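[1] how would this look folded up:
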Amino acid sequence: MQVAIIEIDHNQHLVAYNDIAKKLLGDKALVLKQPFDYQSIFSFDNTVNMDKQDDTIIVLNSQHFLLQKVMELSKTIFILQPIDYLKKRLSKITVVACHAFDIFATQSVVMQKLIAQAKVFSMQREPLLISGETGTGKDLLAKACHQYSPRGDQTFLALNCAAMPDEVVESELYGHAAGAYPGAIESKKGFFEQANGGSVLLDGIDEMSFQMQTKLLRFINDGYFRRVGDDNEVYVDVRIICATKVDLADLVEQGKFRKDLYYRLNVLSLNLPSLQERKEDIAQLTGIFVNEFANKQGITSPTVDDNAIDYLKSYSWPGNVRQLKNILYSALAQLKTPKLTAKDIVLPSSTPSQLSWTNNIENKTLDQMTKQFEKEVLLKLYDKYPSSRKLAKRLGVSHTAIANKLRDYGIGR
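    Here you go, the predicted structure:
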């Protein structure tokens, strides 16, 4: 790395520097525990005031550098990077960024609009909220947004919050100090520290407990946190991306998600459509998965018959893109010819199963049977319409009425 790092304390005494800084400035300018006159050493003129700005361009040894200043609680850090090095680095990032969203099929208008919106949101610093049914590719969209962003060459980490105990989530995200837990001999950096300068995806944010939601809200607001078992605060610069398969607004109404955190996260939101809503993309997706399978197996990609595409479009795809990929992989693994046809593809039976409420109606009143039937209908439909708004629209009733019934029957979590 062509980066020089210099640290001074609040008295402007030099406390640390790296080898690159030593080669750049020399031993005379870098004396530990002595005053560091950075204005003189960096040859600031009257137009530069680092007390009011975080970066500037300076010239050292006939070379241009970007000088950045980072303020922490007990010290100030100066970072110097050669402009030529940054140009080369940015050119590499640009190449990756330009192709970040190429993995998505975008024949449908709804996906074209989504990707255009995602590119705009990727460039922001605010948290990003991605929603969508299971199997729609929320994790892939999150990774693409990171790659397309100015942080694209930095670390991207993902944590699935679903069904994880608080102590595990807290340790994974924030890290812990030595001795914080039995057997924790050494300190550990959490995801936020490891991804400093990059992005962290919190998948299944709807499953996060109230206690962890509170701690996350504090971190999002100021970037500071404490490791478990440590009194010292740590500051990091991380872009938070959250993913959920349910409507967080519904959980807020049901008292299952913090309202203040929801409004903090719901600044920039993207909703991935179901495959049912974007069937124009099935042909392109099929081509992507067929080529992907062939590349992994080291074989020539088979052609896809038009009747196979028509057959795939006739299915409802409750498991979305992930289900399409799995079914195609299964068909390709058994394929004996150089062409994939409808006969080679086995789709799940779409015959609706019978409701079981009629098996347990003895000694029940009409009201009890009605509620039992209503609950089973809501349970069955909630998989396909996983929010009170979508479900209310499907059933032609008010959103409030459905939200109340879901809460009464314990449906939705």
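
[2] Quick one: residues contacting residue 19.
    Neighbour list for residue 19: empty [criterion: CB atoms under 8 Å, 6 or more residues apart in numbering]. C-betas here are computed from N, CA, C, even on glycine.

[3] in terms of contact count, name the helices or strands touching the helix or strand residue 172 falls within.
    In the assignment (DSSP states H and E), residue 172 maps to helix 166-174. Counting contacts by 3 or more CB pairs under 8 Å, 6 or more residues apart in numbering; DSSP states H and E, helix 166-174 packs against strand 156-160, helix 191-194, helix 210-222.

[4] Next, format those as TSV and append distance to residue 237.
    Formatted as TSV, these follow (distance: least, CB to CB, whole Å):
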stretch	distance to residue 237
strand 156-160	14
helix 191-194	10
helix 210-222	11
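
[5] Out of these, which is closest to residue 280?
    The closest of the helices and strands packed on helix 166-174 to residue 280 is strand 156-160. By CB to CB, the value is 29.2 Å.

[6] Now do that closest one: everything it contacts.
    Outside strand 156-160, the residues that reach it (CB under 8 Å, 6+ apart) are 139, 142-143, 146-147, 169, 172-173, 191, 194-195, 198-204.

[7] got the angle for that strand vs helix 166-174?
    170 degrees (axes from the mean of the first three to the mean of the last three CA atoms, to 10 degrees).

[8] domain assignment for this structure?
    The record, using automatic domain parsing to delimit domains, assigns the chain the ranges 4-86, 100-272, 275-344, 357-409.

[9] now these in TSV, with mean pLDDT?
    Putting these into TSV (pLDDT from 0 to 100) gives the following:
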stretch	mean pLDDT
domain 4-86	83
domain 100-272	91
domain 275-344	93
domain 357-409	78
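
[10] tell me the most buried of those domains?
    domain 100-272 (a mean of 18; mean count of other CB atoms under 10 Å).

[11] doesn't residue 246 fall inside a helix?
    No - in this structure, residue 246 is coil, not part of a helix, as judged by DSSP: H, G, I helix; E, B strand; the rest coil.

[12] From the chain's centroid, how far away is stretch 324-333?
    27 Å (CA atoms, centre = their mean, to the nearest Å).

[13] ok, and what's touching whichever helix or strand comes after the helix holding residue 172?
    Downstream of helix 166-174, the first helix or strand assigned by DSSP H and E is strand 175-176. Outside of strand 175-176, the residues within contact range by CB under 8 Å, 6+ apart are 184, 187, 188, 189, 190, 192, 193, 227, 228, 229, 230.

[14] go with 6 Å
    184, 188, 189, 190, 193, 227, 228, 229 (CB atoms under 6 Å, 6 or more residues apart in numbering).

[15] swap in stretch 226-237?
    In contact with stretch 226-237 (CB under 6 Å, 6+ apart) are residues 170-171, 174-177, 180, 192-193, 196-197, 223-225.

[16] closest to residue 61 among those?
    residue 197 (26.9 Å).

[17] Quick check: phi and psi at that closest one.
    phi 90, psi -10 (degrees, to the nearest 10).

[18] contacting residues for it?
    154, 237.

[19] Tell me the spacing between it and residue 172.
    For residue 197, the distance to residue 172 (CB to CB, to the nearest Å) stands at 19 Å.

[20] Check residue 366 too.
    Taking CB to CB, one finds residue 366 at 51 Å from residue 172.

[21] Contact partners for residue 386?
    Contacts for residue 386 (CB under 6 Å, 6+ apart) come out as residue 246.

[22] circling back to that earlier point, which stretch among the helices and strands packed on helix 166-174 comes nearest residue 112?
    Ranked by CB to CB, the member of those that lies closest to residue 112 is strand 156-160, at 24.7 Å.

[23] Tell me the strands beside that closest one, with direction?
    Take DSSP bridges as the rule and strand 156-160 pairs in its sheet with strand 199-203 (parallel).

[24] tell me the angle the strand it pairs with makes with helix 210-222.
    150 degrees.

[25] Quick check, central residue of the chain?
    residue 201 (3.1 Å; CA atoms, centre = their mean).

[26] Report the beta-bridge partners for that one.
    residue 158, residue 241.

[27] quick one: it and residue 293, what's the gap?
    26 Å.

[28] Residue 264 now?
    Distance from residue 264 to residue 293, by CB to CB: 41 Å.

[29] Please apply the same query to residue 150.
    With CB to CB as the criterion, residue 150 and residue 293 are 34 Å apart.

[30] And residue 218, by the same measure?
    45 Å.

[31] likewise residue 49?
    Residue 49 is 59 Å from residue 293, by CB to CB.

[32] same thing with residue 390?
    33 Å.

[33] isn't there a strand covering residue 130?
    Yes - with three-state DSSP as the criterion, residue 130 is part of a strand.

[34] so who does it touch?
    So residue 130 contacts 138, 141, 142, 243, 270 (CB under 6 Å, 6+ apart).

[35] if we can go back for a sec, residue 406: which of the contacts of stretch 226-237 is nearest?
    residue 170 (29.5 Å).

[36] For the residue lying closest to the closest one once chain neighbours are set aside, give me phi and psi.
    Spatial nearest neighbour of residue 170, excluding adjacent residues (CB to CB, 6 or more residues apart in numbering): residue 228 at 5.7 Å. Phi and psi for residue 228, reported as degrees, to the nearest 10, are phi -60, psi 130.

[37] for the one 4 residues further on, same thing?
    Recorded main-chain torsions at residue 232 are phi -80, psi 140, according to degrees, to the nearest 10.

[38] how near is it to residue 7?
    Plainly put, residue 232 is 16 Å away from residue 7 if you go by CB to CB.

[39] can you map out the strands along the stretch 201-350 of the chain?
    Assigned strands in the stretch 201-350 of the chain, in chain order: 224-226, 233-235, 239-244, 268-272, 303-304, 339-340 (criterion: DSSP state E, counting those that start in this stretch).

[40] These into TSV, with extra columns for distance to residue 160?
    Below are those laid out as TSV (distance: least, CB to CB, whole Å):
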stretch	distance to residue 160
strand 224-226	20
strand 233-235	23
strand 239-244	9
strand 268-272	17
strand 303-304	33
strand 339-340	33
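
[41] quick one: which of those strands is nearest residue 321?
    Using CB to CB, the strands of the stretch 201-350 of the chain put strand 268-272 closest to residue 321, at 9.0 Å.

[42] and that closest one, what other elements does it pack with?
    strand 128-132 (3 or more CB pairs under 6 Å, 6 or more residues apart in numbering; DSSP states H and E).
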